[in-house]
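S.K.: Fold the following for me, if possible:
(chains A, B, C and D)
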Protein chains: 2
Amino acid sequence: MARRATNPASSDLDARKATILEAVVSEHIDTAQPVGSSSVASSADIGVSPATVRSEMVSLEREGYLAQPHTSAGRIPTDKGYRYFVDHLTSGVLGAVQQQQVSDFFANVRGEVEDVLEQTSTLLSQLTRYTAVVMGATHANSSVLSAQLVNIDAHHQLLVTVFSDGAVIKHSLTPNFDVNYETCAEASRQLNALLIGTTMETPVQVPSRHDHAAVLVRDAVAALHAQQPTADGDNVFIGGSSRVADSFEGVETVRKVLSILEQELLVVSLVEDMLKRGLSVAIGSENGFEPLSACAVVVAPVTIDGAPAGAVGLLGPTRMKYQEAMAAAGAVSQHLARHFGGDEENANH
Amino acid sequence: MARRATNPASSDLDARKATILEAVVSEHIDTAQPVGSSSVASSADIGVSPATVRSEMVSLEREGYLAQPHTSAGRIPTDKGYRYFVDHLTSGVLGAVQQQQVSDFFANVRGEVEDVLEQTSTLLSQLTRYTAVVMGATHANSSVLSAQLVNIDAHHQLLVTVFSDGAVIKHSLTPNFDVNYETCAEASRQLNALLIGTTMETPVQVPSRHDHAAVLVRDAVAALHAQQPTADGDNVFIGGSSRVADSFEGVETVRKVLSILEQELLVVSLVEDMLKRGLSVAIGSENGFEPLSACAVVVAPVTIDGAPAGAVGLLGPTRMKYQEAMAAAGAVSQHLARHFGGDEENANH
DNA sequence: GACTAGCACTCGGTACAATTGAGTGCTAAC
DNA sequence: GTTAGCACTCAATTGTACCGAGTGCTAGTC
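M.R.: Alright, predicted model coming up:
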């Protein structure tokens, strides 16, 4: 037991074990069935008999890469097995048809940023047959181009703020005094002067007077700054959630996954957590959400001019086609960056 | 065959048949199982033996109200059976706990209209355990309070229009000439003058000159008016889509329903179609979408001061608890109307 | 004439045993 | 170290019998 040192820190397997593990994983991804020793032995380039494969499999199982549903069945990969597989994956390339599909999409897409992101999420989910997530950039680093207070009626004003990234955010004010047109216009003027050029995180020197306009200005600034830039969820688009239903066979699993997807803030935090940890793939329990323990998540950041500008992601079963998914996510994230970044470059040029 | 006149126009059944049908429907809604003659006979106030019930059931089956999964099983209602049941339903009242829950929600809810509607859809789905739809009013009848053109950069302008119902809509302009700050400000001034007080459907006399500001104005008006007021889908909120997974047992049905729900425009057209036809319940094939043939949809319009201001809806299996669903949808729609209408009344007062 | 007790019949569901076969672990020989 | 051979395990399939819920029909009763 102690002789053959099992080195837990080493994630390296001897070459043959690696080949076997990879064969098991990729066949299981294709067939969704437990994989037996004979099909591994016959497949590919292992010039070795099933018996030898079996003894290697026993060892792989001891080390936690494989599991056996029951005694007389083949092996299926554990999360750790998938992890090894993914870590040793040569990065694939998107198929030509799909590449064309992506190019066509970005050549023809038009409309507001939100519409583009929404449609992108649908595209990505069609490309991969998995559920797709597309997140836009937070407005935290954008500066205010215009802030306007609109008088809806005497007790309702709307602060409409336009940011340099094209985002428009509104906040309702409901003061407990009557506001006439002039007061509102005056407050609007002050807000504009005060906020233009600031970001949502810049502290602002609000007027300390007590006249109605000043109160409106203070309330408006407070409303604007109260907004959690990360936690708004306005900028998250989930496409192809119906794919969840054909990724898992149990209705109960489908329900659990859907109920997570419903809470877009959870999805945002999951993706951001992955980006923060530098992960591009989270397998099973790695994603930290128990209801998603049957899922794998692939993410790719969208980077414009070196700055983070959102992310795209894919959610599928742990036996997802990682190579395809990563290729698709990567391609779409790059196209997105070019789509939005390219414009700005032209303009700044 | 021709003697006992089967009057197809008459949806009236003799009293006993009606009782039996209702017993079958309500028991099947509870148990999801085929209902046999003996349980109908023992249940409730039918002072009649199972044999009599059976012969009535044969007749009900011939008339299309009931169906038999197989020879030696009980009966299940057809869509027509559910329809009769629903048409003869005494309108129920929401349970006290749930009533309280709704009141609490509307007493505490705050935020922008969209947030309120979004949260309302979650509330409604929690109340009923079905998937909920909440639609806001179209902006077709709202008038423009403010129209502003913001210069993002030389080739990107943003038309930000604020409507009297508090809606803020943005449209990107990408002219093929450079726009400086003054031109943009001038166009903005003209747009404001031109659009204030109009609705999205009011024709507007645009300037016919060819200077840059005039072109911007024309493009902006065109962009605004190109927006389909019904087809925007910005105003639809679907809550509790994960409930679909426990409304149906087959994964395939779940997938089909989800894929319809993903297309919010379809949902909008379904609900609007029902409202137009004056239906409050659509059962099975009545909703006109084949993939939703296993679903029933309950809708309730939201009416503020007599004007349509949106709708709420519920989607569940055809064996849904219609009374509860209708009560919940009705209560929520009324609360919504009061929530948004009440405010305005105070303000107009 | 309407109702019902009685009865033969149907057929899905369950329980059980037998069979099959994919796949294993072990061992002895190469 | 590898592998052929073999006994073993166990899920899945098949077949059989049976149960029982529920039916339709008929003959008799009120």
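
S.K.: switch to C-alpha atoms for all contacts and neighbour counts from now on
M.R.: Fine.

S.K.: For residue A:66, which non-adjacent residue is closest in space?
M.R.: Among residues not flanking residue A:66 along the chain, residue A:77 sits closest, at 4.4 Å (C-alpha to C-alpha, 6 or more residues apart in numbering or on different chains).

S.K.: burial count for the one you found?
M.R.: Residues near residue A:77, counting by other C-alpha atoms under 10 Å in any protein chain shown, number 28.

S.K.: So which bits of the stretch 1-150 of chain A are right by DNA strand D?
M.R.: By the rule C-alpha under 7 Å from any atom of the strand, the part of the stretch 1-150 of chain A lying against DNA strand D is A:47, A:48, A:49, A:51, A:52, A:55, A:70, A:71, A:72.

S.K.: quick one: the last one and residue A:35, what's the gap?
M.R.: When you say that, I think you mean residue A:72. Per C-alpha to C-alpha, to the nearest Å, residue A:72 is found 11 Å from residue A:35.

S.K.: So for the two, which sits in the more crowded spot?
M.R.: More crowded of residue A:72 and residue A:35, by other C-alpha under 10 Å: residue A:35, with 21 against 8.

S.K.: Assumed residue A:147 was part of a helix.
M.R.: No: membership of residue A:147 in a helix is not supported by DSSP: H, G, I helix; E, B strand; the rest coil, which gives strand.

S.K.: What are the buried residues along stretch A:262-269?
M.R.: Residues of stretch A:262-269 classed as buried: A:262, A:264, A:265, A:267, A:268 (neighbour count, 16 or more other C-alpha atoms under 10 Å in any protein chain shown).

S.K.: pLDDT and distance to DNA strand C added to those residues, as TSV?
M.R.: Formatted as TSV, these follow (pLDDT from 0 to 100; distance: C-alpha to the nearest atom of the strand, whole Å):
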residue	pLDDT	distance to DNA strand C
A:262	96	34
A:264	94	39
A:265	93	42
A:267	96	37
A:268	95	40
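
S.K.: Secondary structure added to those, as CSV?
M.R.: Listed next are the buried residues of stretch A:262-269 as CSV, based on three-state DSSP:
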residue, secondary structure
A:262, helix
A:264, helix
A:265, helix
A:267, helix
A:268, helix
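
S.K.: what stretches of the stretch 201-349 of chain A score poorly on pLDDT?
M.R.: Within the stretch 201-349 of chain A, the stretches with pLDDT under 70 are A:228-233, A:342-349.

S.K.: Let me see the ranges of the helices in it.
M.R.: Ranges of helices within the stretch 201-349 of chain A are A:212-226, A:244-247, A:251-262, A:264-276, A:322-348, based on DSSP state H, counting those that start in this stretch.

S.K.: Can you give me the domain boundaries for chain A?
M.R.: A:15-87, A:96-138+A:233-348, A:144-226 (automatic domain parsing).

S.K.: Just name the most buried of the helices of the stretch 201-349 of chain A.
M.R.: Across the helices of the stretch 201-349 of chain A, averaging neighbours per residue (mean count of other C-alpha atoms under 10 Å in any protein chain shown) puts helix A:244-247 on top, at a mean of 24.

S.K.: Just want the phi and psi numbers for residue A:235.
M.R.: Here is the backbone geometry of residue A:235 (degrees, to the nearest 10): phi -110, psi 20.

S.K.: Pretty sure residue A:132 sits against residue A:315.
M.R.: Yes: if you go by C-alpha atoms under 8 Å, residue A:132 and residue A:315 touch, sitting 6.3 Å apart.

S.K.: Next one: the residue nearest the centre of chain A from residue A:338, what distance?
M.R.: Closest to where the C-alpha atoms of chain A average out (C-alpha atoms, centre = their mean) is residue A:313, at 3.7 Å. To residue A:338, residue A:313 is 17 Å away according to C-alpha to C-alpha.

S.K.: go on, residue A:110?
M.R.: Using C-alpha to C-alpha, we find residue A:110 at a distance of 14 Å from residue A:338.

S.K.: Would you confirm that residue A:38 contacts residue A:50?
M.R.: Yes: using C-alpha under 8 Å, residue A:38 is in contact with residue A:50, at 4.9 Å.

S.K.: With respect to residue B:105, which of the buried residues of stretch A:262-269 is nearest?
M.R.: Set against residue B:105, the nearest of those by C-alpha to C-alpha is residue A:262 (19.5 Å).

S.K.: mind listing what the closest one touches?
M.R.: B:239, B:240, B:241, B:242 (C-alpha atoms under 8 Å, 6 or more residues apart in numbering or on different chains).

S.K.: which other residues reach stretch A:35-48?
M.R.: Residues outside stretch A:35-48 that contact it (C-alpha under 8 Å, 6+ apart) are A:16, A:19-20, A:23-24, A:27-28, A:49-51, A:53-54, A:57, A:73-76.

S.K.: repeat that for 7 Å
M.R.: A:20, A:23, A:24, A:27, A:28, A:49, A:50, A:53, A:54, A:74, A:75, A:76 (C-alpha atoms under 7 Å, 6 or more residues apart in numbering or on different chains).

S.K.: Please identify which of those is nearest to residue B:65.
M.R.: Nearest to residue B:65 among those: residue A:28, at 47.9 Å, using C-alpha to C-alpha.

S.K.: For the closest one, which three-state class applies?
M.R.: Assigned with three-state DSSP, residue A:28 falls in the helix class.

S.K.: hang on, isn't it packed against residue A:66?
M.R.: No: using C-alpha atoms under 7 Å, residue A:28 is not in contact with residue A:66, being 11.3 Å away.

S.K.: Need the overlap of contacts for those two.
M.R.: residue A:76.

S.K.: So between the two, which is more surrounded?
M.R.: residue A:66 (24 against 19).

S.K.: Just tell me which of the domains of chain A ends up closest to residue B:302.
M.R.: domain A:144-226 (21.3 Å).

S.K.: ranges for the strands of the stretch 151-300 of chain A?
M.R.: When assigned using DSSP state E, counting those that start in this stretch, the strands of the stretch 151-300 of chain A occupy the ranges A:156-163, A:168-173, A:236-239, A:281-283, A:295-304.

S.K.: Is it possible to get these out as CSV so that each row also shows mean neighbour count and distance to residue B:306?
M.R.: What follows is those, written out as CSV (neighbours: other C-alpha atoms under 10 Å in any protein chain shown; distance: least, C-alpha to C-alpha, whole Å):
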stretch, mean neighbour count, distance to residue B:306
strand A:156-163, 24, 22
strand A:168-173, 20, 25
strand A:236-239, 24, 35
strand A:281-283, 24, 53
strand A:295-304, 24, 48
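
S.K.: Name the member of the contacts of stretch A:35-48 with the most neighbours.
M.R.: residue A:24 (29 neighbours).
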